[in-house]
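[1] sequence and predicted model, in that order:
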Amino acid sequence: MSECAHAADLPRPEPVPLGTTRPECLEAGTDPVRLRLCLTCGHGGCCDSPPSRRATGHFRATGHPVTRSFEPGESRRRCFEDGSTV
């Protein structure tokens, strides 16, 4: 793991999650898969395993680079811009 330049710019404390499930998943009639929390705004999106790739879509739409796992007991962070685990 490494510290990317984007991690230093994240708000402290972390943003409050906008919810425990995703409206996009409910709309599509799918269950959220391995949620990722945007550490800039609190948006949650599925990881890149399902075809929806909502966390990546959120990054592309907003430019918010760093997410962390929103799964119980996990704290892994990922920077989409650098393509690294931070």
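    It's in. Bear in mind the structure is a predicted one, so any value in this text is a computation, not a measurement. Residues are numbered from 1 along each chain as shown.

[2] check which helices and strands the host helix or strand of F59 sits against.
    Per DSSP states H and E, F59 falls inside helix 54-62. Under the contact definition 3 or more C-beta pairs under 8 Å, 6 or more residues apart in numbering; DSSP states H and E, helix 54-62 sits against strand 35-38, strand 44-46. The C-beta positions use only the backbone N, C-alpha and C, and glycine is treated the same way.

[3] OK, contacts around the nearest residue to S69 once chain neighbours are set aside?
    Among residues not flanking S69 along the chain, R76 sits closest, at 4.7 Å (C-beta to C-beta, 6 or more residues apart in numbering). By C-beta atoms under 8 Å, 6 or more residues apart in numbering, the residues touching R76 are R68, S69, T85.

[4] kindly report the same for E71.
    E71 makes contact with R34, L35, according to C-beta under 8 Å, 6+ apart.

[5] kindly report the same for V66.
    C4, H6, A7, L10, C38, L39, T40, R77, R78, C79, F80, V86.

[6] gap between the residue of the chain most remote from its centre and F59?
    Distance from the centre of the chain peaks at G29, with 20.2 Å (C-alpha atoms, centre = their mean). Distance of G29 to F59, computed by C-beta to C-beta, to the nearest Å: 24 Å.
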